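> Dropping the sequence and predicted coords here.
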Amino acid sequence: MSRPRKQIHLAAHFPGVNNTTVWSDPRSGSHIDFDSFRRFAQVAERAKFDFLFLAEGLRLREQNGRIYDLDVVGRPDTFAVLAALAGVTDRLGLAGTINSTFNEPFEVARQFATLDHLSAGRAAWNVVTSWDAFTGENFRRGGFLPQDQRYERAESFLDAAGVLFDSWAGVEVTADKAATFLGGVPGDGPGRYAVHDNHFDISGQFTVPQSPQGRPVIFQAGDSEQGREFAAASADAIFTRHGTLEAGQAFYADIKGRLGRFGRTHDQLLVLPAATFALGDTQEQAEENAADIRRRQVSGQTAIKLAEQLWNLDLSDHDPDGPVPTVDPVVGENTIARGRASVRQHTDPRETAQKWRDLAAEKGLSLRGVVIEMSARQTFVGTPERVADLIDEYVQAHASDGFILVPHITPDGLADFADSVVPILQERGVFRTEYTGTTLREHLGLALPANTKKAVAS
Ligand SMILES: Cc1cc2nc3c(=O)[nH]c(=O)nc-3n(C[C@H](O)[C@H](O)[C@H](O)COP(=O)(O)O)c2cc1C
């Protein structure tokens, strides 16, 4: 007997970071106006996506000592945006990235528990450790904690938030006239908590009754050994960059293989890579469209900036249409680009620079041409049928449990995908045609946390 096909999970990443957005496209709009968030969310909900995802960036990036303004400058507060979106959507999950390094558990748990109530059980928290001292300066915590201790703090932070989320049993609030609060007297009643460990020494009474989905869904996005362990121990889903079939399968096997040590089963942690796409009526058109998007994502100015991030040098006097620099990159702490996580991926800048030169020589490319070649290709390129095939293939082949899609146009860049690829997946029976549950936990097929006695009275 053949096994049932896995159901695919799909989510929408509101872009806003890196050079994904094609600003030269007349359809590109604000990444700050509420109307952009609303339109983006409503297309995702129309397509029955599992959730909308917001990344976090708490400091304006700088390059060569100036604000970096080629991507997005300025991001509104995550909780305010998601709370507002809760009011204009009914079923779509609302996932926000919030770091555990510069915040405090009481505040963050209160905000997520509140969002979970406002959205009737649709909140998710992507717990990141945020790596840079530059961002920490905003919190009077520049240079706060080396990386390994950040994960230690993240574990304590999430444990503490869990204590707070569970501090109400879920049966206290009854909204009738006779009895509105059945939990006992303040002081020993609902919400009473205490956490004392190496990172936190807090106690009191938590103010928000139990979440409609028991606890908000927990995501994790770190990729180091510690990040993977943290996810395997505590997360419901992991957001990753391993988007090719082979890399996805290796990552999937690795992360799922860790779960047993924490007494967890394979279905308790979903693997959701970021994915980009380019569509066309024919494969040829889609490929042309993909190449055109990449050319427009890497303008001459962007090519120079991306090269500077690798070289760790001011290359502003270089011509992007000229050759790849012959000088060697400066190895060590990146002093050119501040607040940008991707510079950490340049583990051997000299070797990478040589690869760029070799590619330029081999294909007769300019610096910009090399950057276009070297920067990420779209994950899925093709006709809607082909893209649906690929997505289904990746999920059935255990390279992922679905994808978090990042369109290159905001706010309406998901509409084509929603109208052409989603119906094909639905026809094949691998993606929902209607929401069958109301909470994000239900969309993702995750069980209610064991602590949950009963959802709060609706
Ligand atoms: C796919 C992906 C997305 C991430 N998004 C964010 C983000 O929006 N904000 C942030 O501060 N860190 C983000 N991070 C950074 C990590 O969550 C983590 O804080 C950092 O990478 C250090 O952990 P690591 O060494 O385990 O990767 C992201 C990482 C990955 C892999």
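On my side now, so go ahead. Note that this is a predicted model, so its numbers are computed, not measured.
> Contacts only, for the nearest residue in space to residue 332 that is not next to it in sequence.
Closest residue in space to residue 332, ignoring its immediate chain neighbours: residue 312 at 7.4 Å, by Cβ to Cβ, 6 or more residues apart in numbering. C-beta coordinates here come from the backbone N, C-alpha and C atoms, glycine included. The contact partners of residue 312, by Cβ atoms under 8 Å, 6 or more residues apart in numbering, come to 329-332, 334-336, 349.
> Residue 450 - that's part of a helix, no?
No: under DSSP: H, G, I helix; E, B strand; the rest coil, residue 450 sits outside any helix and is assigned coil.
> How many residues are close by it?
Residues lying near residue 450 (other Cβ atoms under 10 Å) number 7.
> Repeat that for residue 245.
The number of residues packed near residue 245 is 15, by other Cβ under 10 Å.
> who's in contact with it?
Residues counted as contacts of residue 245 (Cβ under 8 Å, 6+ apart) are 393-394, 397, 399.
> what do you get for residue 236?
124, 217-219, 268-270, 441, 444, 446.
> How about the stretch 301-450 of the chain: which residue is closest to the ligand?
Ranked by Cβ to the nearest ligand atom, the top residue of the stretch 301-450 of the chain for proximity to the ligand is residue 341, at 5.6 Å.
> how about the nearest residue to that residue, chain neighbours excluded?
Nearest non-adjacent residue to residue 341, counting by Cβ to Cβ, 6+ apart: residue 131, 6.5 Å away.
> got it, and residue 446?
Spatial nearest neighbour of residue 446, excluding adjacent residues (Cβ to Cβ, 6+ apart): residue 236 at 5.3 Å.
> Next, find the distance separating that neighbour from residue 120.
Counting by Cβ to Cβ, to the nearest Å, the gap between residue 236 and residue 120 amounts to 18 Å.
> same deal with residue 170?
Residue 170 is 14 Å from residue 120, by Cβ to Cβ.
> Same question for residue 104.
On the measure of Cβ to Cβ, residue 104 and residue 120 end up 26 Å apart.
> Next to the ligand, which bits of this protein? Give me the list.
Residues of the chain found near the ligand (Cβ under 6 Å from any ligand atom) are 55-56, 97, 99, 128-131, 221-224, 226-227, 239-241, 274, 341.
> Recalculate using a threshold of 5 Å.
The chain comes close to the ligand at residues 55-56, 97, 128-131, 221-224, 227, 239, 241, as judged by Cβ under 5 Å from any ligand atom.
> Identify, from the residues you listed, the entry nearest to residue 163.
residue 129 (19.8 Å; Cβ to Cβ).
> Without its sequence neighbours, what residue ends up closest to that closest one?
residue 150 (4.0 Å).
> Relative to residue 199, how far out is that neighbour?
Note on residue 150: its distance to residue 199, by Cβ to Cβ, is 10 Å.
> out of those two, which sits in the busier spot?
A count of neighbours by other Cβ under 10 Å puts residue 150 above the other of residue 150 and residue 199, at 22 against 19.
> Now do the contacts for the more buried one.
Residues in contact with residue 150 (Cβ under 8 Å, 6+ apart) are 100-101, 129-131.
> phi, psi of residue 213?
Backbone torsions of residue 213, given as degrees, to the nearest 10, read phi -110, psi 30.
> need the contact list for it.
By Cβ under 8 Å, 6+ apart, the contact list for residue 213 reads 116, 121-123, 439-442, 448, 455.
> again, only this time at 6 Å
121, 439, 441 (Cβ atoms under 6 Å, 6 or more residues apart in numbering).
> Quick one: mean pLDDT for the host helix or strand of the last one?
To tie it back to what came earlier, the one meant is residue 441. Per DSSP states H and E, residue 441 falls inside helix 440-443. Average pLDDT, helix 440-443: 98.
> Now do that helix: distance to the chain's middle.
The chain centre lies 17 Å from the centre of helix 440-443; the measure is Cα atoms, centre = their mean, to the nearest Å.
> In that helix, which residues are buried?
Going by neighbour count (16 or more other Cβ atoms under 10 Å), the buried part of helix 440-443 is 440-443.
> Make JSON lines out of the contacts of residue 236 and add secondary structure.
Output for those, formatted as JSON lines (three-state DSSP):
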{"residue": "124", "secondary structure": "strand"}
{"residue": "217", "secondary structure": "strand"}
{"residue": "218", "secondary structure": "strand"}
{"residue": "219", "secondary structure": "strand"}
{"residue": "268", "secondary structure": "helix"}
{"residue": "269", "secondary structure": "coil"}
{"residue": "270", "secondary structure": "strand"}
{"residue": "441", "secondary structure": "helix"}
{"residue": "444", "secondary structure": "coil"}
{"residue": "446", "secondary structure": "coil"}
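> of all those residues, which comes closest to the ligand?
residue 219 (9.4 Å).
> which residue packs closest to that closest one, ignoring adjacent ones?
Using Cβ to Cβ, 6+ apart, the closest residue to residue 219 is residue 126 (3.8 Å).
> Surely the one you found is within a strand?
Yes: applying three-state DSSP, one finds residue 126 inside a strand.
> shouldn't it be in contact with residue 99?
No: counting by Cβ atoms under 6 Å, residue 126 sits too far from residue 99 to count as a contact (9.4 Å).
> Weed out the non-buried ones from the residues of the chain next to the ligand.
Among these, the ones that count as buried by 16+ other Cβ under 10 Å are 55-56, 97, 128-131, 221-223, 227, 239.
> residue ranges with poor pLDDT in this structure?
Low-confidence segments of the chain (pLDDT under 70): 1-2, 174-188, 451-458.
> So which residues of the stretch 101-250 of the chain form helices?
105-118, 133-136, 147-165, 225-234, 245-258 (DSSP state H, counting those that start in this stretch).
> The last one: which residues count as buried?
Spelled out, that is helix 245-258. Buried, per 16+ other Cβ under 10 Å, within helix 245-258: 248-249, 251-252, 255-256, 258.
> same check, this time on the first one
For helix 105-118, the neighbour count (16+ other Cβ under 10 Å) marks 105-106, 108-118 as buried.
> nearest to the ligand, of the residues you listed?
The closest of the buried residues of helix 105-118 to the ligand turns out to be residue 108 (Cβ to the nearest ligand atom; 13.8 Å).
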